[in-house]
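Asker: Predicted coordinates and the sequence they were generated for:
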Amino acid sequence: MENIHVEATERTPQIEFDFGQNIFALRGESYPEDVAEFYGPKVRALAAHIGALSGARIEFHFELIYFNSSSAKVLIGLFDLLDEVAENNQVEIQWHFEADDANMQELGEEFGEDVHHATFRMMPR
């Protein structure tokens, strides 16, 4: 599968999906006008790839500084997907946040509570 690289814009995050290394990242702000149009094809490609893996090491880096409620639904779906594939793979989720950003820290902690099979790491900067 071909890697996905999308540059960040004012409203959308940078996306780096390296399917060969199984390292994935979202960086920046996320409040696209059409969440389904922006994320849909990328999340479907990710799901198809990692859903077919077994015994693999997978890393996902969330380095978001802001996201809206529509993007939060996408994030929850990604956490569910990653947690599901962690039953047959070694999955590490890293939640990066500024050390003085209590809101992003709290959101990360809340997301991490719902992850049961993957490793969820809080990564203050």
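Answerer: Happy to help now that I have it.
Asker: Direction included, what does the longest strand along the chain pair up with?
Answerer: Assignment by DSSP state E gives strand 57-67 as the longest strand of the chain. Its sheet considered, strand 57-67 pairs with strand 23-30 (parallel), strand 90-97 (parallel) by DSSP bridges.
Asker: Give the buried residues for the helix or strand hosting A45.
Answerer: Under the criterion of DSSP states H and E, A45 resides in helix 35-51. Within helix 35-51, the residues that count as buried by 16 or more other C-beta atoms under 10 Å are 35, 38-39, 42-43, 45-46, 49-50. For glycine as for every other residue, the C-beta is placed from the backbone atoms N, C-alpha and C.
Asker: Stretch 85-105 too?
Answerer: 85-86, 89, 91-97, 104-105.
Asker: any chance of these in a markdown table, plus pLDDT?
Answerer: Listed next are the buried residues of stretch 85-105 as a markdown table, based on pLDDT from 0 to 100:
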| residue | pLDDT |
| --- | --- |
| V85 | 98 |
| A86 | 98 |
| N89 | 98 |
| V91 | 98 |
| E92 | 98 |
| I93 | 98 |
| Q94 | 98 |
| W95 | 98 |
| H96 | 98 |
| F97 | 97 |
| M104 | 97 |
| Q105 | 97 |
